[in-house]
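> Sequence first, then the predicted structure:
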Amino acid sequence: MARMKFLCDAERCIDCNACVTACKNENEVPWGINRRRVVTINDGKPGERSVSMACMHCTDAPCASVCPVSCIYPTDDGIVLHDKDICIGCGYCFYACPFGAPQYPKVGNFGSRGKMDKCTYCAGGGGNEAPGSAAEYAKYGSDRFGEGKLPLCAEMCSTKSLLAGDGDVIAQIYKERVLRRGYGSGAWGWLTAYHEDIEV
Amino acid sequence: MALSAGIRSIAVAAMLLIMTAMVPAFAEKFAPDGAPDPSASVIGERALLNQVPHVEGQITIPDVKARVLIQPMGRTWDCFHEVLLHWGGAIVILGTIVVLGAAYLIIGRIRISAGRSGQKVLRFKALERFSHWLTAVSFVVLGLTGLNVTFGKIVLMPLIGPYAFGDLSQAAKYVHNFTSFAFVAGLILIAAIFFRDNFPQRVDIDWLKQGGGFITSKHAPAGRFNLGEKLVFWLSLAAGAAVTVSGFLLLFPFYGTNIAEMQVAQGVHAVVAILFVALILAHIYIGTLGMEGAFEAMGTGEVDLNWAREHHDLWLAKQLAKQPLHERGQSSATPAE
């Protein structure tokens, strides 16, 4: 069974934010919610690097572990999905998430949060809705994965910096790149997300 | 000459050593094809995380907290929440219940040794009782809805199923958020009303020496509040302040706090709340099951004269000096003070 992962090659990311736009468009993500974002480290200084980040679909996902209603779970492909009909919007998954992935619509006074929303790896929702149905699309977004496609953010990345797919395959692609060009600042987030790094 | 030649050879050897040491560092700046390495000045993720607790950068969206790229403490917080808090919380709360059960079996209900006199003395006025019950009822509501967040998925969810549990927890979350204001109001009232009578006194030491009223053969002297009650007051005030401050930080997430501070706020809130529940369990026990004649003080506001004599003799003496018993024709209708 393939284990789906994301990998952002920071040497190739040009901070164009096309992945962010693609995600928003493909999944009709509401205003104020960003399932994917690009963070630039050392902006304007030597060693500046940009990393596109969303839910990394962690191994032993801490969000799933801390959820007080256990609405987050990994699928057989290692994709971390959640059921919005159970979610209570407590915000604990955001405290536990190493990558700031969970998002919440603001629904009331104070800091009260609505049902959590996050990257689904373009694999639809974790609820009871039929895969690919309009109800599922309205709640969670696209189910490209069910159609045999990978997440749109990675698929349309112009520099092929953002890779999605089976963890072993994308790790191999990254390794070959690093060997060929002779450098690489590492697979950002892998150690924290998957308890393993890509050693070249 | 021989000496200077020796120094020179050492210097040359040292220079050679330094040069050979520099070669790999120099070579690292070039890729295999001879092009300069554009990653030479990049600090890798591991090195960054060794320097700072989380990696932060610039973003193009207004959401300030999204600047944090990686924060591995999330996993630490997960460990705290799912292992330490579950086990620690369960041990503290169940342990308290076991200890109180044992106390009931061993010591039993502390009776009024002289029996009831039938005469009543006013102990708590209406406003005092209102403040207590406002705090008490909101505490129980907050405690149950709060414990549901930590233990609900273990205790309740298997019983009623995930969807019913989700709906219930959603409602519980809102109840918890809004009841907090009633609790804080009650806490402030209690602090203001009972502040003076809870200052430590010399008699508290005597009370402790006499076994704090748990040894029925000995008389433990006390003013309006004994040392045990004073401890409940001060500990409740301290715990109440801690859960209030941390609770409002959680109620207004990321209003001037960052991710690490939110994690600390949740940790403080959960740990203090569990200890607070344990303290109040003991308080409820001694106020109801544990002691005859204690509950009516907060129930009707009036206690039996003999109960007051046995537990709060100094306070009773003061009350009687103000208004002797024979002048208290209808003490229940007209408060003494």
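Structure's in. What do you need?
> neighbours around the residue lying closest to B:Leu100 once chain neighbours are set aside, how many?
Once flanking residues are discounted, B:Leu100 sits nearest to B:Tyr285: 4.7 Å by C-beta to C-beta, 6 or more residues apart in numbering or on different chains. Yep, even glycine has a C-beta here, placed from its N, CA and C like the rest. By the criterion of other C-beta atoms under 10 Å in any protein chain shown, B:Tyr285 has 18 neighbours.
> quick one: contacts for B:Tyr285?
With contact set as C-beta atoms under 8 Å, 6 or more residues apart in numbering or on different chains, B:Tyr285 has these partners: B:100, B:103-104.
> Phi first, then psi, for it.
Dihedral pair for B:Tyr285: phi -60, psi -50, per degrees, to the nearest 10.
> what about it, distance to chain A?
To chain A, B:Tyr285 is 28 Å away according to C-beta to the nearest C-beta, to the nearest Å.
> Check which helix or strand B:His86 maps to.
helix B:85-106 (DSSP states H and E).
> can you give me the offset of the helix or strand that comes right after that helix from its chain's centre?
Later in the chain than helix B:85-106, the nearest helix or strand by DSSP H and E is strand B:120-122. Relative to its chain's centre, strand B:120-122 lies at 35 Å (C-alpha atoms, centre = their mean, to the nearest Å).
> re earlier: got the contact list for the helix holding B:His86?
B:147, B:150-151, B:154, B:270-271, B:274-275, B:277-278, B:281-282, B:285, B:289-290.
> mind listing which of these are in helices?
Judged by DSSP state H, the contacts of helix B:85-106 include B:147, B:150-151, B:154, B:270-271, B:274-275, B:277-278, B:281-282, B:285 as members of helices.
> what's the closest of these to A:Val178?
Lowest distance from A:Val178 to the ones in helices among the contacts of helix B:85-106 (C-beta to C-beta) belongs to B:Ala270, with 43.1 Å.
> ok, how many other residues are close to that closest one?
Neighbour count of B:Ala270, defined by other C-beta under 10 Å: 22.
> How many neighbouring residues does the closest residue to it other than its chain neighbours have?
Distances taken as C-beta to C-beta, 6+ apart place B:Leu85 nearest to B:Ala270, at 5.5 Å, with adjacent residues excluded. When neighbours are defined as other C-beta under 10 Å, B:Leu85 has 19 of them.
> mind checking how far B:Met73 is from chain A?
According to C-beta to the nearest C-beta, B:Met73 and chain A sit 8 Å apart.
> In this structure A:Gly100 contacts B:Gln71, no?
Yes. Applying C-beta atoms under 8 Å, one finds A:Gly100 in contact with B:Gln71, separated by 7.4 Å.
> Now the common contact residues for those two.
B:Ile259.
> Next, give phi and psi for residue 68.
I went with chain A, as the question did not name one. Torsion angles at A:Pro68 (phi, psi; degrees, to the nearest 10) stand at phi -70, psi -10.
> Can you look at chain B instead?
B:Val68 adopts backbone torsions of phi -70, psi 120, taken as degrees, to the nearest 10.
> So it sits against A:Gly100, correct?
Yes. Judged on C-beta under 8 Å, B:Val68 makes contact with A:Gly100 at a distance of 5.4 Å.
> Which neighbours do those two have in common?
Common neighbours of B:Val68 and A:Gly100 (criterion: C-beta under 8 Å, 6+ apart): B:Ile259.
> So the longest helix along chain B, near chain A or not?
Determined from DSSP H, the single longest helix within chain B is helix B:162-194. Yes. Applying C-beta under 8 Å from any C-beta of the partner chain, one finds helix B:162-194 in contact with chain A at B:162-163, B:165-166, B:169-170, B:173-174, B:177.
> What subset of those is buried?
Buried positions within these, assessed by neighbour count (16 or more other C-beta atoms under 10 Å in any protein chain shown), are B:162, B:165-166, B:169-170, B:173, B:177.
> of the residues you listed, closest to B:Gly115?
Closest approach between those and B:Gly115, by C-beta to C-beta: B:Asn177, at 48.0 Å.
> for the residue nearest to B:His176 when sequence neighbours are not counted, phi and psi?
What sits nearest to B:His176 in space, not counting adjacent residues and going by C-beta to C-beta, 6+ apart, is B:Thr145, at 4.1 Å. When read as degrees, to the nearest 10, the backbone of B:Thr145 gives phi -70, psi -30.
> Could you count how many residues lie near B:Thr145?
By the measure other C-beta under 10 Å, the count of residues near B:Thr145 is 20.
> Could you do B:Gly240 as well?
Per other C-beta under 10 Å, the neighbour tally for B:Gly240 reads 22.
> That one - nearest residue in space that isn't next to it in sequence?
In this structure, B:Gly240 finds its nearest non-sequential neighbour in B:Leu187, 4.5 Å apart by C-beta to C-beta, 6+ apart.
> next one: A:Asp117
A:Gln103 (4.8 Å).
> wait, the one you found sits on A:Ile33?
Yes. A:Gln103 lies in contact with A:Ile33 (C-beta under 8 Å); the separation is 4.4 Å.
> Quick check: buried residues in stretch B:139-153?
Buried residues in stretch B:139-153, counted by 16+ other C-beta under 10 Å: B:139, B:141-143, B:145-153.
> how much space between the residue of the stretch 151-300 of chain B found nearest chain A and B:Asn148?
Among the residues of the stretch 151-300 of chain B, B:Gly166 lies closest to chain A, at 3.6 Å counting by C-beta to the nearest C-beta. The spacing between B:Gly166 and B:Asn148, counted by C-beta to C-beta, to the nearest Å, is 12 Å.
> Check B:Ile93 too.
To B:Asn148, B:Ile93 is 13 Å away according to C-beta to C-beta.
> so what's the most centrally placed residue in chain B up against?
In chain B, the residue lying closest to the centroid (C-alpha atoms, centre = their mean) is B:Val272, at 1.5 Å. For B:Val272, the contacting residues are B:239, B:242-243, B:246, by C-beta under 8 Å, 6+ apart.
> Just among those residues, which is most surrounded?
The residue in the contacts of B:Val272 with the most neighbours, by other C-beta under 10 Å, is B:Val243 (26 neighbours).
> Which strand or helix spans it?
helix B:227-251.
> biggest helix in chain A by residues?
Max-length helix for chain A by DSSP H is helix A:167-181.
> Can you mark which positions in that helix are buried?
A:167, A:170-171, A:174, A:177-178, A:181.
> Equivalent analysis for stretch B:87-107, please.
B:89, B:93, B:96, B:100, B:103.
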